[in-house]
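[1] From the sequence below, what's the structure:
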Amino acid sequence: MLLDDAQLQRFDEDGFLVLPALFSQAEVELLLAELPALFAERCAANFREKRSGVVRTAMGLHRRNALFARLVRHPRLLEPAEQLLGEPFYAQQVKVNAKEAFSGEVWQWHYDFATHHGEDGVPAPRALNLHVFLDEVNEFNGPLVFIRGSHRHGPVAAHPDTRTTSYPLWTVPDETVTRLVEAGALVAAKGPPGTALIFGDCLVHGSAQNLSPWPRRIFSLIANPVSNALTREQRPEHQHHRDLTPLTPLSDDCLTRPAVP
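    A predicted model of the protein is given here:
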């Protein structure tokens, strides 16, 4: 699946792209069925909320589960990434970010490159975040909120925050967020299950607490060019994978009829 000229222009201008109905309900249900067992594992790759103890983010899923290993190589994700990156890329991070009903906590204002550069020594903000909504994402259950066009300002001031939530993150100060919002606009990424979302490494975003009775689970593959790989290995492998083998696509039906790798 390739992006058309209008989509490429929108991505360049806005810093993100929403692709409705990229995955079917049947494919999403197969993925959801794998999550309870993965979330039940007591392991370092499952970060849990400070207050409730439910899973906040489950990492390294392509190494823990065969179906997510196939999703990482799905052509509907890899072909747009190949188009945007123009060179081989590896799976830098693979996870499901969860905001459980009533208990899912905030993700502070941040952009991914600040953490990738500050923690892992990634040289340039070239990585792409490829998302798939596994639940309906609406205005009530903590959608991702982007500052439209904030990627055009390049890397802005950010600092490590190890206190607000259970997941350490390099966050953007309030005054910088205010300045960027005044230059752009706030946009919530919403849609039904199966919606895909692509955004770049310098787009400032965050999400509020889930106050609704509905869960919000989103699959995320961070694809980084092999030429832009990490230069430090100070974080655990599940937070930045060391395998730099370029991702290659499987067949389009790889989730419903497993293909041989």
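[2] correct me, but Trp214 touches Phe140?
    Yes. Proximity of Trp214 to Phe140 meets the contact threshold set by C-beta atoms under 8 Å, at 7.2 Å. C-beta: built from backbone N, CA, C; applies to glycine.
[3] what residues do these two have in common as contacts?
    Shared contacts of Trp214 and Phe140 (C-beta atoms under 8 Å, 6 or more residues apart in numbering): none.
[4] gap between the residue positioned nearest the centre of the chain and Val96?
    Centroid-nearest residue in the chain: Ser220, 3.6 Å away (criterion: C-alpha atoms, centre = their mean). According to C-beta to C-beta, to the nearest Å, Ser220 stands 7 Å off from Val96.
[5] and what of Val28?
    12 Å.
[6] Looking at the two, which one has more neighbours?
    Neighbours were counted for Val28 and for Val96 using other C-beta atoms under 10 Å; Val96 has more, 24 against 21.
[7] Make sure that one is indeed in a strand.
    Yes. Per DSSP: H, G, I helix; E, B strand; the rest coil, Val96 lies within a strand segment.
[8] And the helices in the stretch 1-150 of the chain?
    5-14, 25-40, 61-64, 66-71, 75-85, 112-120 (DSSP state H, counting those that start in this stretch).
[9] Dump these into JSON lines; add distance to His240 and mean pLDDT as well.
    Compiled in JSON lines, those are given as follows (distance: least, C-beta to C-beta, whole Å; pLDDT from 0 to 100):
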{"stretch": "helix 5-14", "distance to His240": "24", "mean pLDDT": "97"}
{"stretch": "helix 25-40", "distance to His240": "19", "mean pLDDT": "98"}
{"stretch": "helix 61-64", "distance to His240": "13", "mean pLDDT": "98"}
{"stretch": "helix 66-71", "distance to His240": "17", "mean pLDDT": "98"}
{"stretch": "helix 75-85", "distance to His240": "17", "mean pLDDT": "98"}
{"stretch": "helix 112-120", "distance to His240": "5", "mean pLDDT": "98"}
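[10] For this structure, give me the ranges with low pLDDT.
    258-261 (pLDDT under 70).
[11] Turn the helices of the stretch 1-150 of the chain into JSON lines, including distance to Gly149.
    Converted to JSON lines, those look like this (distance: least, C-beta to C-beta, whole Å):
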{"stretch": "helix 5-14", "distance to Gly149": "6"}
{"stretch": "helix 25-40", "distance to Gly149": "30"}
{"stretch": "helix 61-64", "distance to Gly149": "31"}
{"stretch": "helix 66-71", "distance to Gly149": "30"}
{"stretch": "helix 75-85", "distance to Gly149": "17"}
{"stretch": "helix 112-120", "distance to Gly149": "16"}
